[in-house]
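Novice: no sequence on this one, just coordinates:
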């Protein structure tokens, strides 16, 4: 059953920079409510960085009241130490959504690229041009992490409003 009104919080997880973007769909119209990044300082202890991520996500959820959280799946090929830290930050995102009783949808980079550009090997510039176009933005969303989060939210809307769904 297609959804006509929903607000989605898209997340591009990270421990130094986490991108977020909120898209609201009303009937056929999409509007961007907000987007940006949550930054943590490398000089802070790691647990405090995760705490800041949690606090900022809580604030965003309480302010914009999304009905679902869409998160990009992690993809790492060689740096296990970074992957573990990003995995921990992703865990904070999942926990924050769960504490707010928000369902979570996960999307791979391939799914996001295909949903936005119909091409699984699209580069960053193609992705940014398409997100600007499909969301009728006057400027490219910056930084890249915020643009990626909007792409995740858009992907979720594409899946939810089609006849198929994912995990």
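Specialist: Nice, I can see it. The model shown is predicted, which means the values in this text are computed figures rather than measured ones.
Novice: I figured residue 139 hits residue 132, correct?
Specialist: Yes. Contact between residue 139 and residue 132 holds when scored by CB atoms under 8 Å: they sit 7.3 Å apart. Placement of C-beta: from N, CA and C, glycine included.
Novice: so for these two, which residue has more residues nearby?
Specialist: Neighbours per residue (other CB atoms under 10 Å) separate residue 139 from residue 132, with residue 132 holding more: 16 against 6.
Novice: any weak-confidence spans in this protein?
Specialist: Counting by pLDDT under 70, the chain contains low-confidence ranges at 1-3, 76-77, 163-167.
Novice: which residues in it form helices?
Specialist: Ranges of helices within the chain are 46-64, 80-99, 109-117, 124-134, 144-160, based on DSSP state H.
Novice: out of the ones you listed, nearest to residue 23?
Specialist: helix 144-160 (4.4 Å; CB to CB).
Novice: residues contacting the residue found closest to residue 24 once you drop the neighbours it is linked to in the chain?
Specialist: Sequence neighbours aside, residue 7 is the residue nearest to residue 24 in space, at 4.5 Å (criterion: CB to CB, 6 or more residues apart in numbering). Counting by CB atoms under 8 Å, 6 or more residues apart in numbering, residue 7 touches 22-25, 33, 64-68.
Novice: again, only using 10 Å
Specialist: Residues in contact with residue 7 (CB atoms under 10 Å, 6 or more residues apart in numbering) are 22-26, 31, 33, 64-68, 153, 157.
Novice: for residue 89, same thing?
Specialist: 11, 13-18, 38, 40, 46, 49-50, 53-54, 74.
Novice: mind redoing it with 8 Å?
Specialist: By CB under 8 Å, 6+ apart, the contact set of residue 89 is 13-15, 18, 49-50, 53.
Novice: next one: phi and psi at whatever residue is furthest in space from the centre of the chain?
Specialist: The C-alpha centroid of the chain is most remote from residue 43, which lies 25.4 Å away (CA atoms, centre = their mean). Main-chain torsions, residue 43, degrees, to the nearest 10: phi -80, psi -10.
Novice: you'd agree residue 21 is up against residue 146?
Specialist: Yes. Between residue 21 and residue 146 there is a contact at 6.0 Å, judged by CB under 8 Å.
Novice: have a look at these two and say which one is more surrounded.
Specialist: residue 21 (29 against 23).
Novice: partners of the more buried one in the sheet?
Specialist: In this structure, residue 21 bridges to residue 10, residue 35 when assessed by DSSP bridges.
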